[in-house]
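*Asks:* 3D model of this:
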Amino acid sequence: MKKWRYIIARPDKKVKIDEEDFERVSNHSWRVTLTTTGRERVVTAYRENGKVKTITLGRFLMNPKKGQQVYPRRFQEALDYRKDNLICCTLQERQRLLPKNRKDSSSRYRGVSYIQSQDLWRAGIMVDGKSINIGNFKSEDEAAQAYNKAARKYFGSIAYQNNVTRNKKSRQGEKE
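*Replies:* Predicted coordinates for the structure are as follows:
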């Protein structure tokens with residue numbers, strides 16, 4: 001596991017970065033702003049050709065290819081800018097990283113739905129605009145794990161993964 005450190009960005013926010021980047025990052029003054037979606041991001045200003053420009057810490061660290069953006073893998077840790085937590089991808093690829101939209105849904109997991117008539121949980125995934133049925137399962141967690149496996153198969157390391165163990169623990173906590 002790589003060593004990491006914190007930098008302090010205005011207004012008094014701790015930002016986690018790899019130790020190998022500390023010196024380069026420390027040469028700039030960083031601040032936390034909100035994106036249009038309300039997520040925090042870390043930015044700095046710099047001069048280029050006589051103009052002042054702004055760059056995000058993710059872009060500064062990762063230097064993505066043209067047409068790509070830098071996004072965190074774990075969204076709940078918005079100020080974790082260690083390279084292991086950042087991914088360079090297109091906007092379309094980013095959709096595969098996003099957690100499930102939980103509004104009006106029978107399951108808390110992405111790619112999982114409940115079939116009331118059969119009393120089963122179904123796992124499915126969209127690949128290149130086509131819906132693929134992964135299968136039916138007795139439990140919601142089994143269906144979520146099947147989705148995770150299929151997502152890794154079709155989308156590789158950038159695929160969103162349902163956190164089955166975390167949700168199990170929180171469910172137990174709710175019952176207490």
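
*Asks:* tell me the SS of E142?
*Replies:* Three-state call for E142 (DSSP: H, G, I helix; E, B strand; the rest coil): helix.

*Asks:* Let me know the distance separating it from N27.
*Replies:* Distance of E142 to N27, computed by CB to CB, to the nearest Å: 50 Å. Any C-beta I mention is one placed from the backbone N, CA and C, and that applies to glycine too.

*Asks:* K153 now?
*Replies:* According to CB to CB, K153 and N27 sit 42 Å apart.

*Asks:* higher neighbour count, these two?
*Replies:* Just comparing K153 and N27: by other CB atoms under 10 Å the higher neighbour count belongs to K153, 12 against 7.

*Asks:* Surely that one forms part of a helix?
*Replies:* Yes: per three-state DSSP, K153 lies within a helix segment.

*Asks:* Could you pull up the residues touching the most centrally placed residue in the chain?
*Replies:* Nearest to the mean C-alpha position of the chain, counting by CA atoms, centre = their mean, stands R73 at 3.2 Å. R73 makes contacts with 84-87, 97, as judged by CB atoms under 8 Å, 6 or more residues apart in numbering.

*Asks:* Let's see that with 6 Å instead.
*Replies:* Contact analysis of R73 by CB atoms under 6 Å, 6 or more residues apart in numbering lists 85, 87.

*Asks:* pLDDT wise, what is it at?
*Replies:* Note for R73: predicted pLDDT of 72.

*Asks:* Return the distance of it relative to V127.
*Replies:* Using CB to CB, we find R73 at a distance of 21 Å from V127.

*Asks:* which residues does the closest residue to L79 other than its chain neighbours bridge with?
*Replies:* Residue nearest to L79 in three dimensions, not counting chain neighbours: V15, with 4.8 Å by CB to CB, 6 or more residues apart in numbering. Note on V15: beta-bridge partners by DSSP bridges are I7.
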